[in-house]
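only the shape, not the letters, is given here:
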């Protein structure tokens with residue numbers, strides 16, 4: 001078998017817990033927001049647009065993944081994601097970066113407890129079936 005096919009078959013999410021995946025997504029969004037700022041300062045319009053698209057795609061994915069629509073916490077997260085999307089779209093990346101960093105730190109703070117709960121079965125493991133959401137950032 002060719003190595004390229006083995007690479008495609010490997011699941012990049014294997015071994016990740018739910019909270020690890022969330023923290024990684026926040027890290028990538030924050031990185032892309034920083035790249036928007038760098039590209040804007042250097043006059044790289046295509047780079048700015050690319051990183052804006054990638055940051056907004058991650059944030060849209062996080063927003064789409066909210067499950068409990070009537071929960072106040074979920075509603076607050078949805079509003080924060082919408083705020084970040086708007087800030088990025090209007091070129092105000094600093095408030096979006098700060099907000100995403102704050103949310104990332106909140107999930108990082110509960111990482112150990114969340115991983116223990118997932119290991120104990122209190123939280124279902126990250127779904128790795130073929131119909132799971134595929135993350136490509």
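Alright, I've got the coordinates. Model, not experiment: these values are computed from the prediction. Numbering: from 1, shown residues only.

need the longest helix for this structure.
helix 18-42 (DSSP state H).

got the buried residues for the following helix or strand past it?
Downstream of helix 18-42, the first helix or strand assigned by DSSP states H and E is helix 45-64. Neighbour-count burial for helix 45-64 flags 48, 51-52, 54-59, 61-63 (criterion: 16 or more other Cβ atoms under 10 Å). For the C-beta atoms, the positions are set from N, CA and C on the backbone; glycine is no exception.

after helix 45-64, which helix or strand is next?
As assigned by DSSP H and E, the chain's next helix or strand after helix 45-64 is helix 72-89.

list the buried residues of that next one.
77, 80-81, 84-85, 87-88.

which secondary element of this protein has the worst mean pLDDT?
helix 3-9 (a mean of 54; mean pLDDT, DSSP states H and E).

from residue 125, how far off is the residue nearest the centre of the chain?
With distances taken as Cα atoms, centre = their mean, the residue of the chain nearest its centroid is residue 25 (2.7 Å). Separation of residue 25 from residue 125 (Cβ to Cβ, to the nearest Å): 17 Å.
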